[in-house]
Structure formats: structure tokens, C-alpha cells
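*Asks:* Give me the fold of what follows.
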Amino acid sequence: MAFSELLEQVGSLGRFQVLQMVALVVPIMWLTTQTMLENFSAIVPSHRCWAPLLDNSTAQASVPGALDSEALLAVSIPPGPNQEPHQCLRFRQPQWQLLDPNATATNRSEAATEPCVDGWVYDRSTFTSTIVTQWDMVCDSQALKPMAQSIFLVGVLVGAAVCGHASDRWLAESARWLLVTGRLGRGLRELQRVAAVNGKRAAGHALTAEVLLSTMQEELSVGQASASLGALLCTPGLGLRTCISTLCWFAFGFTFYGLALDLQAIGSNVFLLQVLIGVVDIPTKTGTLLLLNHLGRRPTQAASLVLAGLCILANTLVPYEMGALRPALAILGLGGVGAAFTCTSTYAGELFPTALRMTAQGLGQMAARGGAILGPLVRLLGIYGASLPLLVYGAVPLLSGLAALLLPETKSLPLPDTIQDVRSQAVKKATHSTQGHPVLKSTWF
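*Replies:* Numbers count the residues shown, from 1 in each chain. Prediction:
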């Protein structure tokens, strides 16, 4: 391609590209750190209702005899579903008869209970304070936690939309995009700037408007569609790519933030889980880049999403007693989602022509942010069934991975500059398919 030749002259991989990468990676790292902080600042510690016999010294002094804390707990708090003290109920009156060795479960079930009208007592041995303990976001108010996380992610989405224009002050625009959209002067200045940073000032000075016009005559002569959503959806050959690519972006945001912002539901040791996710994520993303170059974009994209979905769905069949297997499957599923993000970031940029590439990428990232907002809210379905959120989290990437098989392969193909390039790729694919599978015609005599 003509632009590739220009880029080689000014430096296709040099100091300028490294600085651009660092400028993008640093703020992304800070955002990710802030987001994952929710696993610690919003953790739900063990809790029970406040009870006079347990938490009021005056009431304890009125108890005849010497009773230990376990006995007082048994007469004040009913057992929960896991036979531990119930987190949201207490007895209306102390049930002294339960201290009788012959007391049965029927005696407990018949005793009158009430909600935690006087508040809760939290286990502060690990976390002295969280937003859950600060505002009692438990029991009937437990929905406030995922809602707070979604509101935070809404802020991230709004901030990206509002502050995105500010990045034009310190991030260079794509010279290729500027040139094919007719902004010849700005495109020339960007190429000269790249050459200067990469230490190739002579090559930059040699570039002129006439050189650009002659070198990119073919690209500039082809009419470009407007960089709009309508062009992506209505242009033949791009509509399907847009829908499936957007679905893959959505699946990443939806599944990752739905699971990664509630590590406590995966296992009890959130510190270890957070470390393991980070340890798995680095080699996973590195290996994904290798697979993209060897297997291709389409199979890697589909396999990563399908693997993530299957691992998450498998967790619905694993009993809670198998404590090690559930976190292992969840971490493997999150690793698959991370691999899918790496695939999508690369693959989506190769599916669209230059004039529409940034619009398509922006649409995909908006879909990922929208999925991230909906992800935590799916946990509210847990009141209808403990496995229901996992079923949803697993089904979305699984279906998205299968849909990705409908996309064309872009490995070793040049980036399309124009819509005509996309159509040419489709024609070549159809021609190759026809040549590989000859059609036999028969004539009736």
C-alpha cells in the first residue's frame, strides 16, 4: 500500500510510536487499578443483627448464671441457610429453650423473628471499614452495591465521551486517516512530526503535498463514505462486521466487569484471587498475540470467547464444597475474557476502512462500556436463583464467540483504506472459494 511506503520512510516503529503507546498505557493502568479497587473498598464482611444480649453490656448483666458468647448467640440469632448465624434476622425475644440439649430444629423455626431493626455487627478483623459497613449495604439494601458500581462505570463512560476531545491536545491523530479524508495539510504535518521524533528529519523535509498526492493517488481518488454510524450499518459488506464486532466488545465489558468486580463471590480470599488474575492475565495476553499471528484473527477471537463462556457455565455445575475448583474455573474464564479483549482490539481495527475505522472502534468501546454498566446489575438476578447470574455471564461470551465465526479472516491482509478495498477483499474471497470448489453443470438430453 502507498501509505505503508510513506510510513517506512518516516519510521514505522520508532520513538514516536513508543511514546504514543506509553501515553495510552499509563492512564489505562490507573483506570483499571481504580476500578479493581472495588473488590476491597466494597467487600461485604461477615455480619449479623445487633442483639442486646450480645452487644449491650447492661442486657448481658441481667442474664442469670454464666453463659458464654456461643450460648447467647444461639438464643439471639437464628441459624442461616449454611447453619451459620443468620445475617438478616434475629429472634424477637431470647429463645432460652434452645439451650435445652433436646431442642430440635422445629423449636427454632417456630420462634418469631424480625429484621435487623437496630443495625448490624460486622466482622472487622480484616477490613476495618468498607462502603458496605459505612452505609449498611446488606440484606434488603444489598442491591445498592452493584448499583453503585454501575453508577461508577456510567461516570467512566460519560467521562470518556466528554473528555475524549481533550486528548487531541497531546495525542497525535492518525496521519493515514487525515490523508484519506482529504486533510492533506494536517496529514503532511503529522508525518513530518513522526519523522522528527524518530530521528528522520531529512525524510520528513522531503515530504511535500505533491509527493503525497502522487504517492497516494489511488487512495485519494476513491470517494470516502462519511464517518458515521449509518455508513457502518448500511454499507454493503460492513453491516455484519459492525454488528458482530460490537457484540464482541459488549461481551468483554459485560462479562469481565460482572465477574471481576465481585471476586468475593468467587472465593473467600480476594487478595489471592486478585494476584492470580494478574499473574494469569500477563501470559494470557502475550500468548494471544502469538496465536493471532499463527492461527489467525477469527479462530482466536472465537475460541477465547467460547472458552470463557464454557468455563463460567461450568461453574454453575460445581458444588460450593469444591472450593478450589470454582475459583480456578472463574480465573480461567476471566483469562479467556482478557484474551478476547486483546483479539477484539486488534481484529476490530482490521475489519474496517480507514475513514470508518475510528468510528467503528468508538462504537465498539461504547458497547464495551455499556456492557460494563450492565454487568454488575446482573448479580441482582441472584435473588431468583444462585446460578442465574453465572448462566447469563457465560451465555453472552459463548454466543458472541460463535457469532465471531461469521467474520472474515484478516491475517496477513493489508489494512483496507477505502470501502472499495473491503469489497475487493470480499470479491477475492468469493473468487477463491469458487476456484477451490468448481461447479459441475449437467445438461438433460
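
*Asks:* Quick check: which helices or strands does the helix or strand hosting Val25 pack against?
*Replies:* Using DSSP states H and E, Val25 maps to helix 15-36. Of the remaining helices and strands, those touching helix 15-36 by 3 or more Cβ pairs under 8 Å, 6 or more residues apart in numbering; DSSP states H and E are helix 144-163, helix 184-197. No exception for glycine: its C-beta is placed from N, CA and C like everyone else's.

*Asks:* Just name the most buried of those.
*Replies:* helix 184-197 (a mean of 19; mean count of other Cβ atoms under 10 Å).

*Asks:* tell me the contacts of the most centrally placed residue in the chain?
*Replies:* Centroid-nearest residue in the chain: Gly253, 3.0 Å away (criterion: Cα atoms, centre = their mean). Going by Cβ atoms under 8 Å, 6 or more residues apart in numbering, Gly253 touches Ala367, Ala368, Arg369, Gly370, Gly371, Ala372, Gly375.

*Asks:* Okay, it and Gly323: tell me how far apart.
*Replies:* 29 Å (Cβ to Cβ, to the nearest Å).

*Asks:* With Arg176 instead?
*Replies:* Distance from Arg176 to Gly323, by Cβ to Cβ: 52 Å.

*Asks:* just Leu263 next, same as before
*Replies:* According to Cβ to Cβ, Leu263 and Gly323 sit 14 Å apart.

*Asks:* Look at the two and report which has more neighbours.
*Replies:* Shown here are Leu263 and Gly323; by other Cβ atoms under 10 Å, Leu263 has more neighbours (26 against 12).

*Asks:* Pull up the gap between the more buried one and Val392, please.
*Replies:* Leu263 sits 18 Å away from Val392, going by Cβ to Cβ.

*Asks:* And Cys163, by the same measure?
*Replies:* For Cys163, the distance to Val392 - Cβ to Cβ - is 31 Å.

*Asks:* One more: Ile331?
*Replies:* Taken as Cβ to Cβ, the span from Ile331 to Val392 is 19 Å.

*Asks:* More neighbours: the two, which one.
*Replies:* The residue with more neighbours, out of Ile331 and Val392, is Ile331; 21 against 18, by other Cβ under 10 Å.

*Asks:* my guess is the more buried one contacts Val279, does it?
*Replies:* No - using Cβ atoms under 8 Å, Ile331 makes no contact with Val279, being 9.2 Å away.

*Asks:* Which residues are in contact with the closest residue to Cys116 other than its chain neighbours?
*Replies:* In space, and not counting its chain neighbours, Cys116 is closest to Cys49: 3.8 Å by Cβ to Cβ, 6 or more residues apart in numbering. Contacts here follow Cβ under 8 Å, 6+ apart; on that basis Cys49 touches Ile77, His86, Gln87, Cys88, Leu89, Arg90, Pro115, Cys116, Asp118, Gly119, Trp120, Val121.

*Asks:* Closest one of the residues you listed to Cys343?
*Replies:* Gln87 (41.1 Å; Cβ to Cβ).

*Asks:* Do you know the pLDDT at the closest one?
*Replies:* Listed pLDDT for Gln87 reads 91.

*Asks:* I figured it was touching Pro78, is that so?
*Replies:* No - with contact defined as Cβ under 8 Å, Gln87 and Pro78 do not form a contacting pair (10.6 Å).

*Asks:* tell me the secondary structure for Pro414?
*Replies:* Secondary structure, DSSP: H, G, I helix; E, B strand; the rest coil: Pro414 is coil.

*Asks:* Ser4 is in contact with that one, correct?
*Replies:* Yes - here Pro414 reaches Ser4: they are 7.3 Å apart, a contact under Cβ under 8 Å.

*Asks:* Got phi/psi on Leu89?
*Replies:* The phi and psi torsions at Leu89 (degrees, to the nearest 10) take the values phi -130, psi 160.

*Asks:* Just give the number of residues close to the nearest residue to it once chain neighbours are set aside.
*Replies:* Spatial nearest neighbour of Leu89, chain neighbours left out: Thr113 (4.5 Å); criterion: Cβ to Cβ, 6+ apart. Here the number of neighbours of Thr113 (other Cβ under 10 Å) works out to 16.

*Asks:* list the contacts for Thr113?
*Replies:* Pro78, His86, Leu89, Arg90, Phe91, Arg92.

*Asks:* Bridged to it, which residues?
*Replies:* For Thr113, the beta-bridge partners are Phe91 (DSSP bridges).

*Asks:* How much space separates it from Leu72?
*Replies:* 16 Å.

*Asks:* ditto for Val378
*Replies:* 39 Å.
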